[in-house]
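**Student:** Pasting the sequence and the predicted coordinates here, then a few questions.
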Amino acid sequence: MPVEELSRESLFCAPESDKIATDLYHAIRGSSDHKTLYLLWQLRLNHLFQESKLVARREGTNLAEAIHLLVRLGVQEPETQVPLKNEASETPFGLQLSLLRVKYTTATAFSIVNEYYKMVYRVRLSLIGALKEQRVMEVKKVSILCYGVLSILVVKREFGAAIGLVSSVLSNHIKALHDQSFEENLRFLHLLLILLESKASGLPSIKPLEASGLNKNSQRELWCVLENIAAIYSSDEDQNRENLVVQKAQLANGGLGAMDIVLAGQALNVDSQLITGRILCSLLGMWELMLRYNVEMKEAGVTGWNFDALCDIFQPSDFEPEIAVLHALVAKRWFNEALFNKVYGFE
C-alpha cells in the first residue's frame, strides 16, 4: 500500500468553502512524502477545528485509520524504501494531539485522558538523558499534555480531580520541570478551580488573601479570555454574540482586573458566574497555543499579540514557502479571532 493513501480523495469530507481549506486540500492531494503529508494534515485539522469540530472529527478519523493501516502493513517510501515505524514514534506530536482530540465525545472523555497519560509517560522516558535543547521541548510537551488532561476534567465537571492533579504536579513534579511560566499558570488555575468547586458544592467562595503573589500575566490572559469568549455556551451563534456583548459591558462597567473578577466578592458587585468551565477550558487552550507558537501578549494596556517568532514548535521550521504561508494563516487565526474555545474540539 503506497504512502499516497494519506492523500486519497476519500479521506476528505469537507466542502472546500474557504481558501485555506482549498489550498490545503490541493497541497495534500499533490504530495507523496509522508512527512510533508503529516505536516499538511496537521495544518488542515487545526483549520477544521477552527471551522467545524464535526468535519474535523470525520476527516481526522479517516486519517487515523489510514495511518494505522499503513503502519500495520509496513508501508515503505517509494524512494528510500525505509518502512514507517510505529504510530507513536512516527506521527508528529502535534498531529498525535489532533488525532486524539477528534475522538472526543462525552463517552470517550476518560479514555482520552488515559491516552494523554500514555503520551506523558513516553515523553518522560525521552527526558532521561536528554540534552538541554531536547529537554526544553519535552518539558513543553508535558505542559501541553497536562493542560489537555485538565481541560477534560473541567468539561466533565470533575473539579476535585482537577484540583488534585494540579496540587500533585505543583508538589511533586514542578521542580524537575524547571518551567516557571507553567508553574505560575498552574497556581493561578488552582485558584480558579477552587472557585468553581466552591460554586458547584455551595461552599463559601475563596478569600482575597489566597490570591496574593499570583502572576500578573496569567491574570491578563484570563481577562483576554473573558473579553472574547462568552462564559455560557450556546449552540446559537447569535446568542453567543449577544451573551458576549452583555459580558463585555459588565466587565467595562466594573472597571476591574482579572483577579477582581475571580474573587467576585459581594462587595465588588461582580457576578462570579463569569468564571465557568468554558472560560477555564478556553484559558487552557490559550496557554497551549501561546506555548506551541511562541506567542506572547503585548505589554499591559496594549491590545494584540507579538507574532515576531511565529512558529509551531512541533513542526519543522524549513517549510516550503507555500506551506509557510498556510501555516501563518492558520496560526494567526487562533489569536486574531480568539478561537481559544476551539482548541480541544469540545465546540
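**Tutor:** Okay, I see it. Residues are numbered from 1 along each chain as shown.

**Student:** Going by C-alpha atoms from here, please, whenever you check contacts or count neighbours.
**Tutor:** Noted.

**Student:** So which residues make contact with the longest helix anywhere in the chain?
**Tutor:** In the chain, with assignment by DSSP state H, the single longest helix is helix 132-155. Under the contact criterion Cα atoms under 8 Å, 6 or more residues apart in numbering, helix 132-155 has outside partners 109-110, 113, 116-117, 119-120, 123-124, 126-127, 159, 161-162, 165, 177, 179, 182, 277-278, 280-281, 284-285, 288, 291, 313, 344.

**Student:** next one: stretch 239-253
**Tutor:** 226, 227, 228, 229, 230, 231, 232, 233, 234, 274.

**Student:** what sits against the second one?
**Tutor:** Taking Cα under 8 Å, 6+ apart as the contact definition, residue 227 lies against 244, 247, 248, 251.

**Student:** Go again with 6 Å.
**Tutor:** residue 248 (Cα atoms under 6 Å, 6 or more residues apart in numbering).

**Student:** State the three-state secondary structure for it.
**Tutor:** helix (DSSP: H, G, I helix; E, B strand; the rest coil).

**Student:** Filter the contacts of stretch 239-253 down to just the buried residues.
**Tutor:** Neighbour counting by 16 or more other Cα atoms under 10 Å classes 226, 227, 228, 229, 230, 231, 232, 233, 274 among the contacts of stretch 239-253 as buried.

**Student:** What segments of the stretch 151-300 of the chain are helices?
**Tutor:** 159-168, 174-177, 180-201, 216-228, 237-254, 258-263, 277-293 (DSSP state H, counting those that start in this stretch).

**Student:** looking at these, which has the lowest confidence?
**Tutor:** Here the helices of the stretch 151-300 of the chain differ in mean pLDDT, and the lowest is helix 258-263 at a mean of 51.

**Student:** do you know how far residue 299 is from residue 180?
**Tutor:** 19 Å (Cα to Cα, to the nearest Å).

**Student:** which pair in the buried ones among the contacts of stretch 239-253 spans the largest distance?
**Tutor:** 227 and 233 (14.4 Å; Cα to Cα).

**Student:** if we can go back for a sec, make a markdown table from the helices of the stretch 151-300 of the chain and add distance to residue 71 to it.
**Tutor:** As requested, the helices of the stretch 151-300 of the chain are arranged in a markdown table below (distance: least, Cα to Cα, whole Å):
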| stretch | distance to residue 71 |
| --- | --- |
| helix 159-168 | 34 |
| helix 174-177 | 33 |
| helix 180-201 | 35 |
| helix 216-228 | 40 |
| helix 237-254 | 41 |
| helix 258-263 | 48 |
| helix 277-293 | 27 |
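
**Student:** Near the closest residue to residue 91 other than its chain neighbours, how many other residues are there?
**Tutor:** Nearest non-adjacent residue to residue 91, counting by Cα to Cα, 6 or more residues apart in numbering: residue 38, 7.3 Å away. When neighbours are counted by other Cα atoms under 10 Å, residue 38 registers 23.
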